[in-house]
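# structure, please.
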Amino acid sequence: MSAVRRAPLRVLLVALVAACLTALTVGPAQAAAYRYWGFYQLTDGAWAFAQKGPDQTVPKDGSVEGWRFAVADEASTRYPRAVLTFDALCASTPAESGKKRVGLVVDFGRSADAADAATPPEPRALCAVVASDATSAAVLATAGDVRVEKGLVCGVAGYPGSDCGGAVKEVTPEAKAADQPVTIAAPGATPSAAATPSGSATTAGDVAAAPASSSTGGSTTAYVVGGLLLLALVAYLLVRGRARARQDG
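This next block holds a predicted model:
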């Protein structure tokens, strides 16, 4: 009689284990892509994702910041397509008392990054002379009017004219294609004296340098949590089965 009563429990246990294993082996959903302005800082000669927003960042004199408009997801980063040093950007700009100089690179991206495939403005570089306590938002404003919505930088120097961090349902092959380095003339320099682009141009599959919410990390956490839940479920059902067996005996 007890064997007959325990059979449904075993069947249920097998079914639950199979369901959990199926859920754990299903591949993670594709990360959502967005069209937005990314904020970067030049660190050791390479672009790195800024750890704070432009309103919360106060760059030091002699630093270099970059902005890039592009389509990217949480597992990829589109850096400005050229690296210019502080010397290249501000060598011809004299220092002023009570102010600081911050190099600025603004990359408007490619036509493939635009919502309507429009041709974006050419990338530009300049040396921003701002108050010593100015934030990165004030530095960016030296490049032109900045459109901000709900604390998010949506447009720089009028580009793009609309939209703000909108989700991209389907990323085109052109938008997924690898970036091609560009040459941006330094302020006051002739084209031949422009800085040489570094290898910081990336493909859409490159992992971001700073964000902690990468798709790999999220999927790993989900697997660990799922595994622990599965073990807890199995242990609970086994204890319950043994308790019923003692009662039947």
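# quick one, strands of this protein?
All strands of the chain, identified by DSSP state E, fall at 33-43, 46-49, 64-73, 99-107, 124-131, 146-149, 152-156, 167-168.
# among those strands, which is nearest residue 176?
Each of the strands of the chain has some distance to residue 176 by CB to CB; the shortest is strand 64-73, at 8.4 Å. All C-beta atoms are positioned from the backbone trio N, CA, C, and that covers glycine.
# for the closest one, packing partners?
strand 33-43, strand 99-107, helix 136-141, strand 152-156 (3 or more CB pairs under 8 Å, 6 or more residues apart in numbering; DSSP states H and E).
# run the last query once more with 6 Å
strand 33-43, strand 99-107 (3 or more CB pairs under 6 Å, 6 or more residues apart in numbering; DSSP states H and E).
# so what strands line up beside the shortest one?
Next to strand 99-107 in the sheet, as set by DSSP bridges, lie strand 64-73 (parallel), strand 124-131 (antiparallel).
# deepest of these, which one?
strand 64-73 (a mean of 24; mean count of other CB atoms under 10 Å).
# tilt between it and strand 152-156?
100 degrees (axes from the mean of the first three to the mean of the last three CA atoms, to 10 degrees).
# tell me what angle strand 64-73 forms with strand 33-43.
Strand 64-73 and strand 33-43 are oriented at 150 degrees to each other (the same axes, to 10 degrees).
# what are the contacting residues of strand 64-73?
Contacts to strand 64-73, defined as CB atoms under 6 Å, 6 or more residues apart in numbering, come from residues 31, 33, 35, 37-38, 40-42, 47, 78, 80, 86, 103-109, 113, 136, 168, 171, 175.
# got it, and stretch 94-109?
59, 61, 63-70, 80-81, 84, 86, 89-90, 93, 120-121, 123-129, 131-132, 139, 143, 156, 159.
# check stretch 113-126 too.
Residues outside stretch 113-126 that contact it (CB under 6 Å, 6+ apart): 70-71, 84, 89, 104-109, 111, 159, 163, 182, 184, 186-187.
# give the buried residues for it.
Buried residues in stretch 113-126, defined by neighbour count with 16 or more other CB atoms under 10 Å: 113, 114, 120, 123, 124, 125, 126.
# just flag the most distant two among those.
114 and 126 (22.7 Å).
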